[in-house]
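Undergrad: one predicted model, sequence on top.
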Amino acid sequence: MREKAPLIAALVVVFAVILIIFPGGTAQGGTLGDSWLTPSDPQAGEILYFDNFSSSKSGWLRFDAGDVLADYRDMAYRITVVPDGAWWWCRANKNFTDFVMEIEATQISGPDDNAYGVVARLIDSRTFYMFLISGDGYYGFGALNNNTWVKPLEWEQSSAINLGNATNQIKLICKGDLLSFYANGVLLGEHREGTLSYGDVGLYVGSVKGGNVTVSFDDLRVWKLKRS
């Protein structure tokens, strides 16, 4: 297990600051004719939200503060985090309950000891879930409720994660209190967490050692979960 405990406090602080100052936009990209709307999971039903980031008008935050850059580039949405040990995120300003969420994430540059992925059931800067992977082959899930870690972010290694400057398909399924985590179609783990039942979704990038991490996100899709 990889230790990243010293970053947890910084994570909460950065998350809170960005939420207050930069609340993000309402993303509405993509078209229903796009072939990538076909779900890869049999539990996925009606499409609820999609963005292939082909248009800078789809509503995601465009931000350049020197230490952090987030913008549309090369038909995708790219986030760069410069400082060592810094974390940054942005949100879609949506509200979902039970769903299947998929996105393609590509590490463009930076040290492999990093963290990137998705946030879900986000209420505010003090209450959310997060599912992250890293360029050196780790994944982790954390749950924060009212600024208290009900499930601390812990890291496990998996050979299913493509290493270094590569693309990984990240999938998160929220079904009641059961959360399922996938990378490249492989189930990495599951966790039961009944703290949150709804909320926003978003994208996340963090540097751990060395800084200057750039990750590109593409083809974000959210489907309503079929009733069993």
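TA: Yep, that arrived.

Undergrad: for this protein, which segments count as helices?
TA: With DSSP state H, the ranges of helices along the chain come out as 7-21.

Undergrad: so for it, the centremost residue is which one?
TA: Centroid check for the chain by C-alpha atoms, centre = their mean gives residue 118 as the closest residue, at 1.2 Å.

Undergrad: state the pLDDT value of that one.
TA: What the model reports for residue 118 is a pLDDT of 98.

Undergrad: distance of it from residue 172?
TA: From residue 118 across to residue 172, the span is 6 Å (C-beta to C-beta, to the nearest Å). C-betas here are computed from N, CA, C, even on glycine.

Undergrad: list residues touching both of those two?
TA: Here residue 118 and residue 172 share the contacting residues 101, 131, scored by C-beta atoms under 8 Å, 6 or more residues apart in numbering.

Undergrad: partners of the residue nearest to the centre of the chain in the sheet?
TA: residue 131, residue 203 (DSSP bridges).

Undergrad: what of the one 4 residues further on?
TA: Bridge pairing for residue 122 (DSSP bridges) gives the partners residue 200.

Undergrad: pretty sure it sits against residue 92.
TA: No. The criterion here is C-beta atoms under 8 Å, and residue 122 misses it with residue 92 at 9.2 Å.

Undergrad: remind me, longest strand of the chain?
TA: strand 213-225 (DSSP state E).

Undergrad: tell me what that one is packed against?
TA: strand 44-51, strand 76-81, strand 99-109, strand 114-124, strand 167-175, strand 200-207 (3 or more C-beta pairs under 8 Å, 6 or more residues apart in numbering; DSSP states H and E).

Undergrad: quick one: buried residues of the third one?
TA: If I follow you right, that is strand 99-109. By neighbour count on 16 or more other C-beta atoms under 10 Å, the buried set for strand 99-109 is 99, 100, 101, 102, 103, 104, 105, 106, 107.

Undergrad: list the contacts of the closest residue to the fifth one other than its chain neighbours.
TA: Pointing back at residue 103 there. Spatial nearest neighbour of residue 103, excluding adjacent residues (C-beta to C-beta, 6 or more residues apart in numbering): residue 220 at 4.6 Å. Applying C-beta under 8 Å, 6+ apart to residue 220 gives the contacts 27, 49, 50, 51, 52, 53, 92, 101, 102, 103, 203.

Undergrad: again, only using 7 Å
TA: Residue 220 sits next to 50, 51, 103 when contact means C-beta atoms under 7 Å, 6 or more residues apart in numbering.

Undergrad: so what pLDDT did the second one get?
TA: What it means is residue 51. With respect to pLDDT, residue 51 has a value of 95.

Undergrad: distance check, it against residue 111.
TA: Distance check for residue 51 against residue 111: by C-beta to C-beta, it reads 28 Å.

Undergrad: again, but for residue 211
TA: Here residue 211 is placed at a distance of 8 Å from residue 111 (C-beta to C-beta).

Undergrad: with residue 200 instead?
TA: Remark: distance between residue 200 and residue 111 (C-beta to C-beta) = 29 Å.

Undergrad: residue 69 too?
TA: Separation of residue 69 from residue 111 (C-beta to C-beta): 17 Å.

Undergrad: what's the pLDDT at the closest residue to residue 140 other than its chain neighbours?
TA: In space, and not counting its chain neighbours, residue 140 is closest to residue 155: 4.4 Å by C-beta to C-beta, 6+ apart. pLDDT recorded at residue 155 is 96.

Undergrad: for the one 4 residues further on, same thing?
TA: Note for residue 159: predicted pLDDT of 98.

Undergrad: related to what we said a few turns ago, okay but the residue nearest to residue 140 is in contact with residue 141, surely?
TA: No. With contact defined as C-beta atoms under 7 Å, residue 155 does not reach residue 141; the gap is 9.6 Å.
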